[in-house]
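Engineer: Next comes the sequence, and after it the predicted model I'd like to discuss.
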Amino acid sequence: MSTTAPPTGKARSRSASGRAGDRGMNRIFRLVSTWSGALILATLAAVAIFLVLEAWPAISLGGEELGEQISWFPEDTSIITFVGPLIFGTLLAAFLALILATPLAVGVALFISHYAPRRLAQALGYLVDLLAAIPSVVYGLWGILAFAPIVYPVWNGIAETLGWFPLFEGPAADPPRVMATVAVVLAVMILPIITAVCREVFLQTPKLHEEAALALGATRWELVKTAVLPFARSGIISGAMLGLGRALGETMAVLMILSPGFLYSFAIFQAGQQQTIAANIAAQQPEAPPLGVSALIATGLALFVITMAVNMAARAVVARRKDFSGAN
Amino acid sequence: MTTTPDLTAEQRTDAVRTALAQADPGRHRKDRVMTVIIYGAFVLAMIPLVSLIWTVLANGLERFDWYFLTVSMRGVFGGMDAGGIYHAIIGTVEITLGATLISVPIGILTAIYLVEYGGGMLAKWVTFFVDVMTGIPSIVAGLFALSLFAFFFGPGIRLGIMGSVALAVLMIPVVVRSTEEMLKLVPNELREASYALGVPKWLTIVKVVLRTSVAGIVTGVMLAIARVIGETAPLLLTVGVIDSINYNLFEGRMMTLPVYVYRQYSQGYVPCNDPSAVCIEDINFQRAWAAALALILIVMILNLLARLISRYFAPKLRG
Amino acid sequence: MAQRIDVKDLDIYYGDFLAVEGVTMTIEPRSVTAFIGPSGCGKSTFLRTLNRMHEVIPGTRVEGSVEMEGVDLYGPGVDPVAVRRQIGMVFQRPNPFPTMSIEENVLAGVKLVNKRISKSDAADLVESSLRGSNLWEEVKDRLDKPGAGLSGGQQQRLCIARAIAIKPQVLLMDEPCSALDPISTLAIEDLIAELKQDYTIVIVTHNMQQAARVSDRTAFFNIAGTGKPGKLIEMDDTSTMFSSPTEKATEDYISGRFG
Amino acid sequence: MAQRIDVKDLDIYYGDFLAVEGVTMTIEPRSVTAFIGPSGCGKSTFLRTLNRMHEVIPGTRVEGSVEMEGVDLYGPGVDPVAVRRQIGMVFQRPNPFPTMSIEENVLAGVKLVNKRISKSDAADLVESSLRGSNLWEEVKDRLDKPGAGLSGGQQQRLCIARAIAIKPQVLLMDEPCSALDPISTLAIEDLIAELKQDYTIVIVTHNMQQAARVSDRTAFFNIAGTGKPGKLIEMDDTSTMFSSPTEKATEDYISGRFG
Amino acid sequence: GSDDPVGEAQAADGDSATTEMSDLSGQLNGAGASSQEAAMNAWRAGFQGENPDVTVNYDPIGSGGGRTNFIEGGTAFAGSDAALDDEELVDAQARCLDGEVIELPMYISPIAVIFNVEGVDQLKLDPATIAGIFNDEITSWDDPAIVDQNPDVELPSEAITPVHRSDESGTTENFTEYLEAAGGDAWPHEASGDWPTEGGQSAQGTSGVVQTVQGGSGTIGYADASQAGSLGTAEVKVGEEYVPYSPEAAAKIVDASEQIEGRGPYDHALELARDTTESGAYPIVLVSYHLACATYEDQETADLVKAFLGYVASEEGQEISSSAAGSAPISDSLRADATEAIDAISAQG
Ligand SMILES: Nc1ncnc2c1ncn2[C@@H]1O[C@H](COP(=O)(O)OP(=O)(O)OP(=O)(O)O)[C@@H](O)[C@H]1O
Ligand SMILES: Nc1ncnc2c1ncn2[C@@H]1O[C@H](COP(=O)(O)OP(=O)(O)OP(=O)(O)O)[C@@H](O)[C@H]1O
Ligand SMILES: [Mg+2]
Ligand SMILES: [Mg+2]
């Protein structure tokens, strides 16, 4: 190394200020990355503005006019009453999928992280990651061509025995192009996603805390209950939210499977009861007149807002017990 | 446990023995029940997933051959025993690559901003809106790209790059999120070590922070790619449909695998009225399954690639 | 409330790797036994076999016997979960459960067995355990605050309170002070001196002065080189060990002339 | 190759919180200065202001002056990056760059700032730095192996080699041995004794014996209570400090009777 | 990769003379009705076979999208299951440089009433019964209304599950137009591209409907006949007889229909005579149009559109779509009209 330090401080401090070039690069780098962040805001603003602008004609017009110009727009209603059942259907599908998938995903993730032999666990980890990346159109294809054809007897059985419960009201539709089928396919689709997140978090449980639990004489399940699950709580929630987000926005699988309807109906075994926003956009957009597209985009705006709200709610839940979180 | 000190040795031994025997059958039963439940959850979850893979394999392998991978659909119609997905593979690869080139620099730089520079109001907003952005339904992203390009280039425009833009909107938040996580995992100690060596901040970020986390970032990017490579709805809107090969992202329509799968599925059965010609009634379904298989394989290869790359770059802890 | 442990010819393996070889020793009740020795000689490994925590790591196994009052801990019919309730453990880095309050942390072990412990019993137990670990005065006003919010030394005492709340016979401590500052260390050392009235205590330490200060008996472990198994070199009363050890290696190590 | 540091009336803030108040001291070249004091009294904080590492944490600032041979390190026109090249630092936990080999780690300070260096110069620098940190013999056959694969003590010496490879004037060490076993500690202490021939060395330690062993001068910091600022209580030749300190607090702390 | 999946042999199979003659090149983009997709695939393949340097693209984005795109100038031609309405016609004329708009019913396809009832492979239905079934008035297969018409068939006492299209479509529009015209009181709804009743089974696209009918039991639906596959198809009562669907029968009703007047010389929008009683005509048909301009801005587009539509209207073109998509070839008189319109296509100035 040739740069020996100059003997006096004066000279050194001059050489120090001579490094302005580095400062320049530092500045440029900082600005570029800040701009990138700002660009994201701009993009999002653009998307939001675009959504509002395009949806505006439908939002501002009265229901009568919409009904006149759009054949599928229910008459004598406003855009709100139009989008209501769609929001209902979207939430129903997504929450059913979430309720089915989350416990299972937690179980599978626990199996991989704490129960399975290590070799097997690693292979399973790969498998789950892979499944998480399978395109939704494939899930749709599987759902309609492989799953739906065999599931009718099951739905029928449930509808006949538990039909008194609103959710399971019969008669079950045959073919079962119904919400229950959609929910299962969506659950299968988001299961690997939630599992992947949960598994990561479970694996990150500090050894320290696991050993603390074991040293207190915990069985394996008690170890999971005292050390792993509390630590992973916020991780499980964000995994579930990721899954929920995908379920909310899923288009193709719903489009291919569901017999849509526009009712506030809990009957998940009956056809023609509910529809989701995303699938409805995909279904109606091709034939829609300009005002129809506008109405569809208004529903897209609603979906956007829902997802945002769900995200914020999840954040609030995670933040509330921050003091007790394992993240520090 | 109460043992009075003045017990004989045998009594103490017995006391210890009872204490050490399975003290609480209730807890053990619960433990076993939970074990069974967790194994059960695993098996239950694997049934549909294995069935999915099995179905795709069983239905897709029939048509999945070299010919299918290397020809387009130009001139193929009806029940002809011909046609392939080369054009769709090209489209998928190029459009996804385009999306990656757009979203990865923005995503990584934003994550750098959030982790290394952030802290102010802007950072809070960016974090929040990146979350919001994860919630953009894919079809809305498609509509957005469509009207963006229509605004500049007139209506009816269909370009591969439009699909890239739509996918990039979906990809950016995923990239930001995963990169952010990875950057946060880099211990502060390494940054301090670098600063203490008189390395300026930007070089510390580039050569220490990014270098240390590159494995995780690559994995995150690959997973983001895998996430969007299967998008159908936005591409249907923006890229159009074509059955010839088009290598140019900036001119003309392109085909992509998910759209191909969906279109083939939509065309359904073929009428085979002419007994003299070769006509396969369910050719469209066969092609759909085979293309789905190809799509899964591409995703799988990407996954494996991500693992290899991340293993190659991963911090090495053993000599 | 304190029991004797006899170890005979214990070999400890990680997979195929023999980490500790042929340890025979007796740990007296109501006394403090210190393990000293260079890094990697197997002190922690050996300590963890005393309450079968060792088994938590996959692929490990032991040969030989560890008997508590004549009952082999590795014998048939012995439940490792029960063993760990009899023989508590405190770790190098304080590890209170981050999701629990101070009170919940103390009760964590008790709640596993006795879910329906009455409010007043619980409160009594919390108080007695925290008093036992000399922490009561410092935290009695904030029992519902997260345990992770305490200082390092307080956290470590909380972990000790948690360990003694399940009323074990024996308390194992693996370098309980090495992450703490001198003042906290002093507090823990005082605590150990008190605890030995009721418990059999085994402590691993790197700090010779600490071993000299707190322990009644000292065991010196050594290792011939990497890849070789660790061995028990010598065990004796602490005063004897530090004044006139039998083995040359012990003397070298204690006087800092090691290696 | 070694410079004197004069600190005058230094106040150090984390945001609004005054962490260290009114420190005035002189650090002599070619000597070892030890900082001792209870946890939280601001030893690390003060140490980090000596090479402006303090500034890395957002919201921090200092008042007063830190002069190296008469030049205020916080004066206008002084680039913190350049300061850190003159005043190196070694941390509590060894932190070699995990993506780099041993050799690359040593050269990190040179290579990371985009300096080009010829192969043979690099090899010479690696050897001299590793020799300087007493690590050469142990690693010369595996320079291309990952640095993180070394033992803790070796890693710490690697970090020292890395710090001295950029030929700083001063070397700051924040509890360099607290994560190490006694043998590695001994090796580092020996190394410090050698390094002081060429460098001004400042070391923070919790271990009084260590301070007594390695340092020429000792500074004792104390803190009146949580939320209060840390202060320099007393600074003197190490032998004086340990035999007859002026302040009562110093004596209490050193004799372990603190608190 | 290869853009010639069919291989040389297939190209040589065609008329080698035209292959040599062709000097057309370029790209032609169209979009619109997905009902035409199969036929369009065949036309494009055939046309590209004769003109190897030409690429014709067709986005099956739906009729509405096709019309919108065409009007906005995004595509050179469009496929649409419905003729332009008056408002659109004005816009389209503007898009055609204030020239004439060409609308040609090039794709005529019967809509089959498909059913899947175990043990039943023949079914005769009159319009009122069809309307009753699809309006959920007739709910069981052994309803007297059905049994009376099918004395030879053993009908189970199974519930009827009618299946309709869930998306707005030309198929639905044509089907409901038929029900409105022929169903009488049994069909109280207006004709519309969107299914008028709530609930019930429905599916996206023709293939979705076919699959739904196939996947259930006791199901009945309507779909482009070409995709009916192995499903049973009902014979529909016209006048006094029951007519099974066939391309020829479908073509008959088109010939029996009148063109809408006053829409320009090249505009062959039809008013279909759904309630025809003409013998042998199959009344439930889908007529899908090709929309183009008589005047284009540039020569290349004009040439390509002209050549392509010429091919579609040609006997060869109609034959190939008939075999690939099961459509009815257009009649010679319609072809004469079409040729006149196509010949008028030219570039501006
Ligand atoms: N999980 C493990 N798998 C394999 N080998 C291990 C494992 N843990 C420790 N070892 C090996 O066992 C030997 C003894 O390690 P142990 O941690 O018991 O030493 P120690 O005396 O506690 O050291 P220290 O003073 O550093 O804590 C070492 O060679 C170590 O490498
Ligand atoms: N990043 C920070 N932000 C705010 N306050 C801090 C920060 N780091 C340290 N402090 C506070 O500054 C004071 C001095 O801390 P410092 O780490 O310098 O003490 P120390 O003497 O090095 O202690 P130890 O011996 O535990 O290392 C403490 O009150 C501490 O809480
Ligand atoms: Mg240890
Ligand atoms: Mg410190």
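Structural biologist: Yep, it's here. Ligands and ions are numbered 1, 2, ... in the order given.
Engineer: going forward, measure contacts and count neighbours with C-alpha atoms only.
Structural biologist: Noted.
Engineer: ok, the residue nearest to residue B:306 when sequence neighbours are not counted - how many residues close by?
Structural biologist: Closest residue in space to residue B:306, ignoring its immediate chain neighbours: residue B:219 at 5.1 Å, by CA to CA, 6 or more residues apart in numbering or on different chains. Taking other CA atoms under 10 Å in any protein chain shown as the criterion, the count of residues near residue B:219 is 25.
Engineer: and what of residue A:133?
Structural biologist: For residue A:133, the tally of surrounding residues (other CA under 10 Å) stands at 25.
Engineer: elements contacting the helix or strand that contains residue B:41?
Structural biologist: Assigned by DSSP states H and E, residue B:41 falls within helix B:25-60. Applying 3 or more CA pairs under 8 Å, 6 or more residues apart in numbering or on different chains; DSSP states H and E, one finds that helix B:25-60 contacts helix A:79-110, helix A:136-142, helix A:179-203, helix A:220-223, helix B:283-313.
Engineer: Which other helices and strands does the helix or strand following that helix contact?
Structural biologist: Later in the chain than helix B:25-60, the nearest helix or strand by DSSP H and E is helix B:66-70. Here helix B:66-70 touches helix B:86-112, going by 3+ CA pairs under 8 Å, 6+ apart.
Engineer: what's the angle from the helix or strand that the helix it packs on is followed by to helix B:86-112?
Structural biologist: On the C-terminal side of helix B:86-112, the closest following helix or strand by DSSP H and E is helix B:121-134. Helix B:121-134 runs at 150 degrees relative to helix B:86-112, counting by axes from the mean of the first three to the mean of the last three CA atoms, to 10 degrees.
Engineer: low-confidence ranges in chain A?
Structural biologist: A:1-23, A:76, A:320-328 (pLDDT under 70).
Engineer: try it again with 80
Structural biologist: A:1-24, A:62-79, A:170, A:286-290, A:311, A:314-328 (pLDDT under 80).
Engineer: before we move on, back to that, now name the helix or strand holding the residue nearest to residue B:306.
Structural biologist: Secondary structure from DSSP H and E places residue B:219 in helix B:211-229.
Engineer: That helix: how far from the chain's middle?
Structural biologist: 9 Å (CA atoms, centre = their mean, to the nearest Å).
Engineer: Contacts for whatever helix or strand comes next after that helix, please.
Structural biologist: As assigned by DSSP H and E, the chain's next helix or strand after helix B:211-229 is helix B:233-238. Helix B:233-238 has contacts (CA atoms under 8 Å, 6 or more residues apart in numbering or on different chains) with A:251-252, A:282, B:138-143, B:145-146, B:158-160, B:162-163, B:166-167, B:256, B:259.
Engineer: and residue C:137, how many neighbours does it have?
Structural biologist: Residue C:137: 10 neighbours (other CA under 10 Å).
Engineer: Enumerate the positions of whichever helix or strand it is part of that are buried.
Structural biologist: Assigned by DSSP H and E, residue C:137 belongs to helix C:136-139. Within helix C:136-139, the residues scored as buried using 16 or more other CA atoms under 10 Å in any protein chain shown are C:136, C:139.
Engineer: can you give me the helices in the stretch 201-328 of chain A?
Structural biologist: Ranges of helices in the stretch 201-328 of chain A, per DSSP state H, counting those that start in this stretch, are A:207-215, A:220-223, A:229-249, A:252-257, A:277-284, A:290-320.
Engineer: from the stretch 1-150 of chain E, which residue is nearest to chain C?
Structural biologist: residue E:1 (51.3 Å; CA to the nearest CA).
Engineer: quick one: that residue from residue A:268, how far?
Structural biologist: Noted for residue E:1: a distance of 47 Å to residue A:268, by CA to CA, to the nearest Å.
Engineer: re the thing from before, reformat the helices of the stretch 201-328 of chain A as CSV; add distance to residue B:121.
Structural biologist: Converted to CSV, the helices of the stretch 201-328 of chain A look like this (distance: least, CA to CA, whole Å):
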stretch, distance to residue B:121
helix A:207-215, 35
helix A:220-223, 40
helix A:229-249, 23
helix A:252-257, 38
helix A:277-284, 33
helix A:290-320, 17
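Engineer: Which among these is found nearest to residue B:224?
Structural biologist: Closest approach to residue B:224 among the helices of the stretch 201-328 of chain A (CA to CA): helix A:229-249, 13.0 Å.
Engineer: For residue C:7, grab phi and psi.
Structural biologist: Main-chain torsions, residue C:7, degrees, to the nearest 10: phi -110, psi 130.
Engineer: Is it bridged to anything, and to what?
Structural biologist: Beta-bridge partners for residue C:7, by DSSP bridges, are residue C:25, residue C:66.
Engineer: number of nearby residues for the residue nearest to residue C:94 when sequence neighbours are not counted?
Structural biologist: Nearest residue to residue C:94 in three dimensions, chain neighbours excluded: residue C:156, at 4.7 Å (CA to CA, 6+ apart). As a burial measure, residue C:156 scores 28 neighbours (other CA under 10 Å).
Engineer: sorry, back to before: more neighbours: residue E:1 and residue A:268, which one.
Structural biologist: Legend: neighbour count by other CA under 10 Å for residue E:1 and residue A:268, higher for residue A:268 (29 against 17).
Engineer: wait, what's in contact with that one?
Structural biologist: Residues in contact with residue A:268, defined by CA under 8 Å, 6+ apart, are A:167, A:168, A:169, A:178, A:179, A:180.
Engineer: any idea how far chain E is from the residue most central in space within chain A?
Structural biologist: Of all residues in chain A, the one closest to the mean position by CA atoms, centre = their mean is residue A:245, 1.9 Å from it. Residue A:245 is 24 Å from chain E, where distance means CA to the nearest CA, to the nearest Å.
Engineer: again with residue B:26
Structural biologist: From residue B:26 to chain E the distance is 49 Å (CA to the nearest CA).
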